[in-house]
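In: Predicted coordinates and the sequence they were generated for:
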Amino acid sequence: MNDKKLVLLDGAVGTGLWAKTENKVAVWRYNLEDPRIVQELHQEYLEAGAQIILANTFGANRKKLTGSGYTPQQIIPAAVGCAKQAATGKDTLVALDIGPIGELMEPTGTLSFQQAYDLFAEQVNAGVQAGVDLIVIETMTDLYEVKAAILAAKECCEQLGKALPVLVSMTFEANGRTFTGCCVPSMAAVIEGLGADAIGFNCSLGPVELLPFARQLRENTSLPLFIKPNAGL
């Protein structure tokens, strides 16, 4: 896909899965408890033209799984397996999807950089060993957490002998900043400087509201852009 100027991503996974069942649970549970609907959703996005699908791993970090009886080493391979099953025989890439840990980083919160790095590294190791083609870090609001995620992704891939692309997106509010106050130029400088392979926005705002920020991002980075607006808006 390197020669293509435009690549289509899939759409919302959590929203799509909840629409398929009355059993509204944490969506990562479906990978093991009802994999049929996970594969079905991936298949629907592929039929709609998606060339990259994100495995259902967004919240599959050890912190969020605490008390669930599951581990990242169980959830992530199952999720990647669902995506790969749907993509069998197609020119489609399967991405490990990494979202925020769910706690504020120091000094605002109590999560240390090392703790964040270790949690992300655990996810990346499980995903790479399960055979993902790339890593997508998305819905981030804190540049410090972004740094931990990118370093974990890059360094773990290197240790495992896999040079996988790392795509990173943040979520912005209407005032042009993330929840923790990050602006577009700062986002671009840090993420490109850390060696990400593509940069963008997802969630939060709709396509009309995101367009000016996308233009601003284009002015501040030479990296490929990817945009996944909030379709509900």
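Out: Perfect, thanks for sending it.

In: mind checking the backbone torsions on residue 170?
Out: phi -120, psi 160 (degrees, to the nearest 10).

In: Spatially nearest residue to it (excluding sequence neighbours)?
Out: Spatial nearest neighbour of residue 170, chain neighbours left out: residue 140 (4.8 Å); criterion: Cβ to Cβ, 6 or more residues apart in numbering. The C-beta positions use only the backbone N, C-alpha and C, and glycine is treated the same way.

In: The one you found and residue 11: what is the separation?
Out: 19 Å (Cβ to Cβ, to the nearest Å).

In: ok so, going back, so who does the residue nearest to residue 170 touch?
Out: 99, 100, 146, 149, 168, 169, 170, 171, 178 (Cβ atoms under 8 Å, 6 or more residues apart in numbering).

In: Out of these, the closest to residue 120 would be?
Out: residue 149 (4.7 Å; Cβ to Cβ).

In: Would you map the strands across the chain?
Out: Taking DSSP state E as the criterion, the chain carries its strands at 52-54, 93-98, 134-140, 166-170, 198-202, 225-228.

In: quick one: contacts of the shortest one?
Out: If you take Cβ under 8 Å, 6+ apart as the criterion, strand 52-54 is touched by 7-10, 13, 42, 45-46, 83, 86-87, 92-97, 134, 136.

In: Equivalent analysis for the fourth one, please.
Out: When contacts are taken as Cβ under 8 Å, 6+ apart, the neighbours of strand 166-170 outside the stretch itself are 95, 134-141, 146, 149-150, 153-154, 157, 178, 182, 187, 191, 195-202, 226, 228.

In: Could you rerun that using 7 Å?
Out: 134-138, 140-141, 146, 150, 153-154, 178, 182, 187, 191, 196-202, 226, 228 (Cβ atoms under 7 Å, 6 or more residues apart in numbering).

In: pLDDT averaged over that strand, what's the number?
Out: If you average the pLDDT over strand 166-170, you get 98.

In: now could you export just the CA positions of that strand as CSV?
Out: Presented in CSV, the C-alpha positions along strand 166-170 are these (Å, rounded to 0.1, in the frame of the first residue of the first chain):
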residue,chain,number,x,y,z
VAL,A,166,3.4,3.3,14.1
LEU,A,167,0.5,5.7,13.5
VAL,A,168,-0.4,8.1,16.3
SER,A,169,-3.5,10.3,16.6
MET,A,170,-4.8,12.6,19.3
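
In: I'm done for today, thanks for sticking with me.
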